[in-house]
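A.B. asks: any chance you can model this:
(one chain, ligands or ions: 1)
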Amino acid sequence: MFNTLNEKLQSVFKKMRGEARITEDNIKEAIRQVKMAMLEADVNYKVVKKFISGVQEKALGEEVLKSLSADQVFIKIVNDELTSILGGEDPSASKITLSSTPPTIIMLVGLQGSGKTTTAGKLAKHFQKNDKRVLMVADDIYRPAAIDQLEVLGKQLGVDVYSDKDNKNAVDIAQKSYEYAKKSAKDIVIIDTAGRLHVNNELMDELFNIKKAVSPDEILFVADAMTGQDAVNVATKFNNDLDISGVILTKLDGDARGGAALSIREVTGKPLKYVGVGEKLDAFEPFYPDRMASRILGMGDVVSLVEMAQDAIEEDEAEKLADKVSKGGMDFNDMLSQFKMIRKMGSFESIMKLMPGMGNMKKADVDEDQIKKIEAIINSMTPRERRYYKLLNGSRKKRIARGSGTSVSDVNKLISQLQQMNKMLKKFKKKYGGADKIDKNM
Ligand code: GDP
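C.D. replies: As a prediction, the model looks like this:
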């Protein structure tokens, strides 16, 4: 899912990667490309407009952290804006509100073939896992096959199904099923209603009357993600007539573009609550805007990295370091403050995991014990030794090794690491010029 958008956005970010800072010029072009990518992904044009103006505003007003590069900051901005159009960070929005006086009534509505019956089974399974007593109601009176389908699902799950093939009154069935649910102490009633190929008044009247009769706690519009903007238009119609409480998007597994997913919340103002990602009953997930946004971006978890950096790094510190590095080489004091900054952000290993492409780095490369050892060695040096490593002769090295509980060869290794780093930094400086780049790549 979201393959096209994901690829396009990745290439925008990649182009920014060489830039040290967000500037009006580089941001303009990047934003133009993001806009194209969204439109190609079939996102509603009004949503694209709002999204783009949000990104623009944030990007130009952003105080860029010295230790982060333009692409990292931009990814974070796009992520935040995506999260916001997908529903923001309100965790309660994605959940079903359970009634304080059970049973909770959930009415599923939508066009024929959108996946209502399958979703009724998926929801039932979801609640069953949470120890709820569920009743499914076959209220599609026009298609006997739909009733059979729900009964099969019920048997498969061991969930009660209320059906009455002889009753041709959908409102009456809903009312009776409610009475039955109360009598048999169910926690949740899921009503699978009839659909049509297109929206029509007769269907809307019937659904409205069911709503009036049983006052559902949730009216969830089930939308087929593969129908793109059609799903969004139909959702709007259902919302106008029935005042839905949320949306379940099905067949997201088959939707490479993601236009419906990205538009439906913003256009209807109603939260996406669950997504269907396959035909099987467990191919069903609660919807979290932030998780979906980072999935769309497919950027490992740069976003969390930026957040951690924003929390942990004092700009002054980063700036001082970058400045020093750009003037001359690093000394052991600088090395120590680098480690301290990394520490503040969490463990070295956990940070590597968040970096795209570095998640698979061998454990040996980022060994925490190794870092502790290095810190101990540096801490055993005098301030002058930290500044001028060339002072470190044989007897000083021995003293430092003793003081830090390491060996002279460990001390030698660290000295050559510092030399190596300085060599690398010189190369970076030549290539990129700026101090930020060097700082970020430490
Ligand atoms: P209804 O007419 O709205 O009740 O739709 P159904 O539940 O009968 O689903 C229509 C078709 O979509 C069936 O073949 C389902 O297996 C399929 N379907 C439903 N949800 C999903 C989903 O999330 N992913 C995929 N790939 N297929 C789904």
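
A.B. asks: L135 pairs with what?
C.D. replies: Per DSSP bridges, the residues bridged to L135 are D160, V189.

A.B. asks: residues near whichever residue of the chain sits closest to the ligand, how many?
C.D. replies: Residue nearest to the ligand within the chain (C-beta to the nearest ligand atom): G276, separated by 2.6 Å. Glycine gets a C-beta too; all of them are placed from N, C-alpha and C. By the criterion of other C-beta atoms under 10 Å, G276 has 25 neighbours.

A.B. asks: quick check: phi and psi at it.
C.D. replies: When read as degrees, to the nearest 10, the backbone of G276 gives phi -100, psi 130.

A.B. asks: so what's it up against?
C.D. replies: G276 sits next to 115, 118-119, 122, 248-253, 283-284 when contact means C-beta atoms under 8 Å, 6 or more residues apart in numbering.

A.B. asks: in ChimeraX, select just the buried ones from the residues you listed.
C.D. replies: The following ChimeraX line selects those of the contacts of G276 that are buried, judged by 16 or more other C-beta atoms under 10 Å:
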select :115,118,119,122,248,249,250,251,252,283,284
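
A.B. asks: poorly predicted segments of the protein, please.
C.D. replies: 61-68, 90-94, 298-328, 341-367, 424-442 (pLDDT under 70).

A.B. asks: okay, and the residue nearest the centre of it sits in which element?
C.D. replies: Taking C-alpha atoms, centre = their mean, the centroid of the chain lies closest to R291, which sits 1.9 Å from it. Using DSSP states H and E, R291 sits in helix 289-297.

A.B. asks: which positions within that helix qualify as buried?
C.D. replies: 289-290, 292-294, 296-297.

A.B. asks: for that helix, packing partners?
C.D. replies: Where contact means 3 or more C-beta pairs under 8 Å, 6 or more residues apart in numbering; DSSP states H and E, helix 289-297 is packed against helix 3-16, helix 70-85, helix 259-268.

A.B. asks: could you redo the last one with a cut-off of 7 Å?
C.D. replies: helix 3-16, helix 70-85 (3 or more C-beta pairs under 7 Å, 6 or more residues apart in numbering; DSSP states H and E).

A.B. asks: out of these, which is the most enclosed?
C.D. replies: Of all those, helix 70-85 has the most neighbours on average by mean count of other C-beta atoms under 10 Å, namely a mean of 23.

A.B. asks: what's next to it, contact-wise?
C.D. replies: 9, 13, 16-17, 19-22, 26, 30, 34, 47, 51, 54-55, 58-59, 62, 64, 89, 262, 265-266, 289-290, 293-294, 296-297, 299, 302-303, 306 (C-beta atoms under 7 Å, 6 or more residues apart in numbering).

A.B. asks: for I378, list the residues it contacts.
C.D. replies: Here I378 is in contact with 332, 335-336, 386 (C-beta under 7 Å, 6+ apart).
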